[in-house]
Structure formats: C-alpha cells, structure tokens
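J.: here's my sequence, what's the structure:
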Amino acid sequence: MTNSSSPKRNEQDQPETSGPVLKSLKTKLSKPEDAEKKNLSKKFKDVEISVPIVYGNIAFWLGKKANEYQSHKWTVYVRGATNEDTRGVIKKVVFQLHSSFNNPTRVVESPPFELSEQGWGEFEIAITLHFHSDVCEKPLSLYHQLKLYPEDESTSLSIKKPVVVESYDEIVFPEPSESFLARVQNHPAVNVPRLPVGLTFPTPAEDPSERKRGDTKDHPLSQWFTNFSEADELLQLAAARQQVQTHIAKLRRQITVIEGQQQQLKPSSDQ
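T.: Now for the predicted structure:
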C-alpha cells in the first residue's frame, strides 16, 4: 500500500491548490481533576484559554514516471491557525501511520510539528497532541484522513496542483494554571480572556528568534495553507447576514402581496 522511504522536499513551480476540505470544530478539554497534584500552580476558575490550530496534509503527485508505489509525496502537520509558534502549549506531537510504514509511530518533539513521506495509498492518521504539564496532563487525539487524490474524480492529476486538506479546531483549556496563563497572555496565536482589573503577570523572557523559528510563516508549504483569519470569517458572516436579510425582505414583499390579494377577495366573499 505504501512505501516508507522519506522523500526529499523539492521546490515546485508555483503549483495551484485544489479546493481544500475544511471543517470547523471546537474541542473543550475536561477540567483538571483535584486528585491530580502533579502541577501545584494556582488555577484560575471561570477562565478559559482557546488555542486555534490547523491540522491536515498537502500531497504532490510525482508524475507519470514515478514508481507506482511512490506516486505521491505528502506532508501531514499540525500548525497554529495563524502560523504562530505553538511551543508554549504543545510539547510534542505523535503521528500514527499505516502499519506498512517502517516505524509507523513517529514522534515530533519540536516545531514544525510535521512529517513527510511518500506512497500511493490513502489512510487515516491518528495525531496525538501532548501538552506541557502546566497546560494539560491528558493528551488530545485527532484523526485525519490522508488525501492524495482530488475529491472531484473528473479533475486530472497534475504535479502543479497539490491536494490540500486542512481542518480547523479550537482547543479550549478550562481553569488554566498561572504559569500557563502568564506564558501565553500576549501570544498572538492564543485567545486569552480579559483578566480582572489589577491582575497582571510578569511577561516571561523569550528570545524573539526562538519564536520565529517555531512558527510556520516562512514554511516552504505556507503559500498553500488555508487562511483561517478572523477577518475572512467576519467577511463571510457579513455576506451571509446580507443574504439572509435580502431573503427576509423578499419574503416580506411576497407576504404583503398575498395579504393584499386576500383583502381584495374579502368583499366578494362576504356578499
């Protein structure tokens, strides 16, 4: 089904993406149990931290001359929804590949949280996120169906058109620890609620170059990543709202016409 030799990352000539398959989820992790005393840091009640992430794959067809068992080069990954560094939240990611691969359990302990392979078959990949101890003791399992071929069967394969399949999720951490909250309070990739007036935390010292090395903004595949920005979402919501309002106005006009017709029929029916 697959071939376990790792491909080298080759530059393509500005390939265009096929339409990405998108999902929107919101995963809320359970509250820390009082019995778990491993992390003694203070917990903040009635506070939630939301971390937007994207996981998926990009697959390139290697052309007609490629080995039939190595027809595609693909990369599966987990990234910040805005391509920001997520090391302050995620400690490591474990990818569980098909059993036909050598060493099917792949552990990635630093960003970019990704792995590249090549083969010909599609299969489900289990992606397990492990968080820092002051974030969450329990890992989170995600599942991604590796896609190598376009969803539309009428679309011909092309080395310039990678198949892009990404899923958006927001991981919600209830009752965060003080150390976790302090670490991400100014992080652009993490949604932190407004804290009570007067409550401040010292900003942890951080080398900006380290964060830059941890993000995926300059990733070789970033030109094909889906844009999940809030601005785009707001535009889509505004467009949808306008369509709803237009439809409501149309229905109201139709109702007015029907009511007028009924009023015209009333005198003749009363005689």
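J.: show me the contacts for the nearest residue in space to residue 61 that is not next to it in sequence.
T.: Distances taken as CB to CB, 6 or more residues apart in numbering put residue 157 closest to residue 61, at 4.6 Å, once the chain neighbours are dropped. In this view, the C-beta of every residue, glycine as well, is placed from N, C-alpha and C. Shown in contact with residue 157 (CB atoms under 8 Å, 6 or more residues apart in numbering): 61, 149-150.
J.: list the contacts of residue 114.
T.: Taking CB under 8 Å, 6+ apart as the test, what residue 114 contacts is 75-79, 108.
J.: buried ones in the helix or strand in which it is found, by neighbour count?
T.: Assessed by DSSP states H and E, residue 114 sits inside strand 113-119. For strand 113-119, a neighbour-count test (16 or more other CB atoms under 10 Å) marks 113-119 as buried.
J.: including distance to residue 190 and pLDDT, could the residues you listed go into JSON lines?
T.: Formatted as JSON lines, the buried residues of strand 113-119 follow (distance: CB to CB, whole Å; pLDDT from 0 to 100):
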{"residue": "113", "distance to residue 190": "16", "pLDDT": "96"}
{"residue": "114", "distance to residue 190": "20", "pLDDT": "96"}
{"residue": "115", "distance to residue 190": "24", "pLDDT": "96"}
{"residue": "116", "distance to residue 190": "27", "pLDDT": "96"}
{"residue": "117", "distance to residue 190": "30", "pLDDT": "97"}
{"residue": "118", "distance to residue 190": "34", "pLDDT": "94"}
{"residue": "119", "distance to residue 190": "35", "pLDDT": "95"}
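J.: let me have the residues you listed in a markdown table, adding distance to residue 67 as columns.
T.: Shown next, in a markdown table, are the buried residues of strand 113-119 (distance: CB to CB, whole Å):
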| residue | distance to residue 67 |
| --- | --- |
| 113 | 28 |
| 114 | 23 |
| 115 | 20 |
| 116 | 17 |
| 117 | 14 |
| 118 | 9 |
| 119 | 10 |
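J.: farthest pair in the residues you listed?
T.: 113 and 119 (20.5 Å; CB to CB).
J.: helices along the stretch 151-271 of the chain, start to end?
T.: If DSSP state H, counting those that start in this stretch is used as the criterion, the helices of the stretch 151-271 of the chain fall at 178-184, 208-214, 230-270.
J.: out of these, which gets the lowest mean score?
T.: Least confidently modelled of those is helix 208-214, at a mean of 59 by mean pLDDT.
J.: how long is stretch 80-98 end to end?
T.: End-to-end distance for stretch 80-98, by CA to CA, to the nearest Å: 25 Å.
J.: cool, stretch 85-96 as well?
T.: Using CA to CA, one end of stretch 85-96 lies 23 Å from the other.
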